[in-house]
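In: Pasting a predicted model and its sequence here:
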Amino acid sequence: MQIGEISQRCGITVRMLRFYEAEGLLQPHRTGSGYRDYSEADLEEAKRIKQLADAGLTVEAMHDLLPCIISPKPTFHPCDRLRARLEGEVAKLDQRLADMERSRSQIVGYLADLPVDTLVPMSQD
DNA sequence: ATTCTAACA
DNA sequence: TGTTAGGA
């Protein structure tokens, strides 16, 4: 399939698909005319990359993580770095969760103090 | 119509 | 990351 199709099917922009390839995360075949030719396997990997990207992982982290997920057999060479990397990610997420909870209570506080008679008539639709 | 590379403001 | 130029 061409880049446009896989883009729609995995939710990664064409721009990002080319970027990830340059980073070595995806290696689609090329047609005679130089167009990228993605396989179903590439699509599945792209979907995994999508999830990792959504999870906030860097290309670096994905490089360590993907090999461990792809191969059915323990290719645990990169998994040492992987463990450290994932622990670091969890730490960062914990920090962000803490920060967000502070923001949340802050806003909930404002909401609680908000007068009840501030509603304005809605415009017609 | 679609994609390719490279580079821009 | 978007966008654009200039080709294929």
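Out: Yes, it's here.
In: near DNA strand B, which residues of chain A?
Out: A:2-5, A:14, A:18, A:34-36 (CB under 7 Å from any atom of the strand). All C-beta spots, glycine's among them, are computed from the backbone N, C-alpha and C.
In: If I look at the spatially most central residue of chain A, what pLDDT would I see?
Out: Centroid-nearest residue in chain A: A:A53, 1.7 Å away (criterion: CA atoms, centre = their mean). Note on A:A53: pLDDT of 93.
In: now the one 5 residues further on
Out: The model reports A:T58 with a pLDDT of 88.
In: Measure how buried it is and give me the count.
Out: 12 (other CB atoms under 10 Å).
In: go on, A:R30?
Out: Using other CB under 10 Å, A:R30 has 10 neighbouring residues.
In: And A:A61, by the same measure?
Out: Using other CB under 10 Å, A:A61 is surrounded by 18 other residues.
In: wait, isn't A:L25 in contact with A:H63?
Out: Yes. A:L25 is within contact range of A:H63, at 7.0 Å (criterion: CB atoms under 8 Å).
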